[in-house]
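Novice: This is a predicted model, with the sequence first.
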Amino acid sequence: MVAVVVAAKIFTDEGKPAVGHNVEVHCFSVNARSWRTVLNARTNNAGVVSARIPEVATSGEFAPAFRLVEPGSPVPRVLATGGMVQFNANSKILMVDFGEIERLEETSFQRQHVASAFRNTKHVTAGVPKRPEVNTVGVTRMVLSNPALVAGFATPGAAAATPDATVALLVSKETAAFKKRETELNSLLMDKDRQIMAKTDNLTVAENQIKNLEASLATARVAAEAARGEAQAAKAAEAAAKAQAEAARVAAQASPKPATTEADVGTLLSNFGSKLNVANTQMKTRSVGYKVSNVKLDLRGKLLNEGQTIQIGRAPGDAPDDSGLSAELIPDDPATRPDSVAVPDVSGLTEAAVRRVLASVGLRLNLATKTLADGQGTAGQSIQQHPAAGSDARRGSSILVVFGVRATPPAGKE
């Protein structure tokens, strides 16, 4: 540990001492990997700051890194780094003198990095070492107040220089310097304008690419929705076919076989009713969505035992007795199903596909049309629906679906 004495003198950009100016001394911490504030101070009436830091850790052979900064947002403004360093071995005091510093107020700038590790580091340079310069205004006043010095500006063989001529000469030189700097700044501004135009062109190309990708994605989404609707319609048709096959199988099992058989009338009707109930239960368990109803059994035979038994069927060679069985395959009883169903998404489907999809969930189609503008949508496909997909609707209710159509050209025009 060593004590550190820090000194600096700060001037404004007009060359005047910066009085009462708040500054900080930062020391770089290896452990924290960042700059840490070790001293807060304020300049006196002469713009001088001189302060002592009681203890600062050192590595033994090398002194730590210091910098002088002033508060800033979002990062501090660096007035000076390093400084002139001396070490007194007897008193164990490290002297750091940042020298005379001229503040850069509006002309401060971002320090550029070389190593890529510092690409995210913000370093605002707000001060530069003050150079000993001759004050032009002071020299001019001194010259004008001394006629002998004014005469000294005259060239051999020429008339003595007047005060006005001397001022004009000095002003001319300052004006030439300002014009040179103005030319340099205009050149830099033109370079920046060209860079901005190049960036704008690149941005326009990127925006066009994004629009093309969005259009391709929209087309692919419409095709996918159409395929999904067709798949739903096919699934509904498959379910209906399975229901019809199941009904046919039940009817075949329940139909009397062509043989002469005596059976108890009550037992026959009870067994037939049980078979019919089993068939409906199986279709409900398999979620077929249909049931056997409106069954009509027409038995032709001979009643025996005072009507207790019936002889049905016919012997080989007998004429047909016109016995038969008829039944209807209808949707499940609405009383046993939920009152509402989820509205399917029918966007992008044709009218036939929409009807099949809606019918498969117990809904009906309320059709409407809308004229499409040039280049908008595909004629014959659904473009809007109400209620929206995923919302609930009462079973058996109508869903409004709007289909796109092309405008009919006036007569005589194509």
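Specialist: It's in.

Novice: which residues in the chain form helices?
Specialist: All helices of the chain, identified by DSSP state H, fall at 136-144, 147-152, 163-254, 265-285, 351-360.

Novice: quick one, which of those is nearest to Val30?
Specialist: helix 163-254 (38.9 Å; Cβ to Cβ). Where you see a C-beta, it was placed from the backbone N, CA and C, and this is true even at glycine.

Novice: Give me the mean pLDDT for stretch 54-62.
Specialist: Throughout stretch 54-62, pLDDT has a mean value of 79.

Novice: Next, the buried residues of that stretch.
Specialist: For stretch 54-62, the neighbour count (16 or more other Cβ atoms under 10 Å) marks Val56 as buried.

Novice: and Ser50, what does it touch?
Specialist: When contacts are counted by Cβ atoms under 8 Å, 6 or more residues apart in numbering, Ser50 touches 5-7.

Novice: same question, Asn44
Specialist: Val19.

Novice: Now it. Its backbone dihedrals?
Specialist: Listed backbone geometry of Asn44 is phi -90, psi -170, with angles given as degrees, to the nearest 10.

Novice: what's the spacing between it and Ala220?
Specialist: Note on Asn44: its distance to Ala220, by Cβ to Cβ, to the nearest Å, is 74 Å.

Novice: One more: Leu189?
Specialist: For Leu189 relative to Ala220 (Cβ to Cβ), the value is 47 Å.

Novice: quick revisit: highest neighbour count among the contacts of Ser50?
Specialist: Counting neighbours by other Cβ atoms under 10 Å, the top entry in the contacts of Ser50 is Val6, with 22 neighbours.

Novice: Would you check that my belief about that residue contacting Asn40 is correct?
Specialist: No - counting by Cβ atoms under 8 Å, Val6 does not reach Asn40; the two are 11.3 Å apart.

Novice: shared neighbours, these two?
Specialist: Common neighbours of Val6 and Asn40 (Cβ under 8 Å, 6+ apart) do not exist.

Novice: follow-up on the earlier one: would you turn the helices of the chain into JSON lines with distance to Glu70 and mean pLDDT?
Specialist: Below are the helices of the chain laid out as JSON lines (distance: least, Cβ to Cβ, whole Å; pLDDT from 0 to 100):
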{"stretch": "helix 136-144", "distance to Glu70": "27", "mean pLDDT": "53"}
{"stretch": "helix 147-152", "distance to Glu70": "41", "mean pLDDT": "56"}
{"stretch": "helix 163-254", "distance to Glu70": "26", "mean pLDDT": "85"}
{"stretch": "helix 265-285", "distance to Glu70": "83", "mean pLDDT": "77"}
{"stretch": "helix 351-360", "distance to Glu70": "72", "mean pLDDT": "90"}
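
Novice: ranking those helices by burial, who's on top?
Specialist: helix 351-360 (a mean of 19; mean count of other Cβ atoms under 10 Å).

Novice: Run the angle between that one and helix 163-254 for me.
Specialist: 60 degrees (axes from the mean of the first three to the mean of the last three Cα atoms, to 10 degrees).

Novice: quick one: low-confidence ranges for the stretch 1-150 of the chain?
Specialist: 133-150 (pLDDT under 70).

Novice: the strands in it, which residues?
Specialist: 2-11, 22-29, 34-42, 48-56, 66-70, 77-81, 84-88, 93-103, 109-110, 124-125, 127-129 (DSSP state E, counting those that start in this stretch).

Novice: for those, which one sits closest to Ser347?
Specialist: strand 109-110 (53.0 Å).

Novice: Strand partners (parallel or antiparallel) of that closest one?
Specialist: strand 124-125 (antiparallel) (DSSP bridges).

Novice: what's next to the partner strand, contact-wise?
Specialist: Against strand 124-125 from outside (Cβ under 8 Å, 6+ apart): 72, 75-78, 104, 108-111.

Novice: Just the buried ones from these, in ChimeraX syntax?
Specialist: Burial among the contacts of strand 124-125 is assessed by 16+ other Cβ under 10 Å; the matching ChimeraX selection reads:
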select :76,77,78,104,108
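
Novice: So which of the contacts of strand 124-125 is the closest to Glu184?
Specialist: Phe109 (15.0 Å).

Novice: I'd like the distance between the residue nearest to that closest one when sequence neighbours are not counted and Gly72.
Specialist: Among residues not flanking Phe109 along the chain, Thr125 sits closest, at 5.6 Å (Cβ to Cβ, 6 or more residues apart in numbering). For Thr125, the distance to Gly72 equals 11 Å [Cβ to Cβ].

Novice: Equivalent analysis for Ala3, please.
Specialist: Distance from Ala3 to Gly72, by Cβ to Cβ: 28 Å.

Novice: Phe403: what's it in contact with?
Specialist: 351, 367-370, 380-383.

Novice: Let's have those in JSON lines, adding distance to Ser116.
Specialist: Formatted as JSON lines, the contacts of Phe403 follow (distance: Cβ to Cβ, whole Å):
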{"residue": "Glu351", "distance to Ser116": "62"}
{"residue": "Leu367", "distance to Ser116": "65"}
{"residue": "Ala368", "distance to Ser116": "62"}
{"residue": "Thr369", "distance to Ser116": "62"}
{"residue": "Lys370", "distance to Ser116": "58"}
{"residue": "Gly380", "distance to Ser116": "59"}
{"residue": "Gln381", "distance to Ser116": "54"}
{"residue": "Ser382", "distance to Ser116": "56"}
{"residue": "Ile383", "distance to Ser116": "53"}
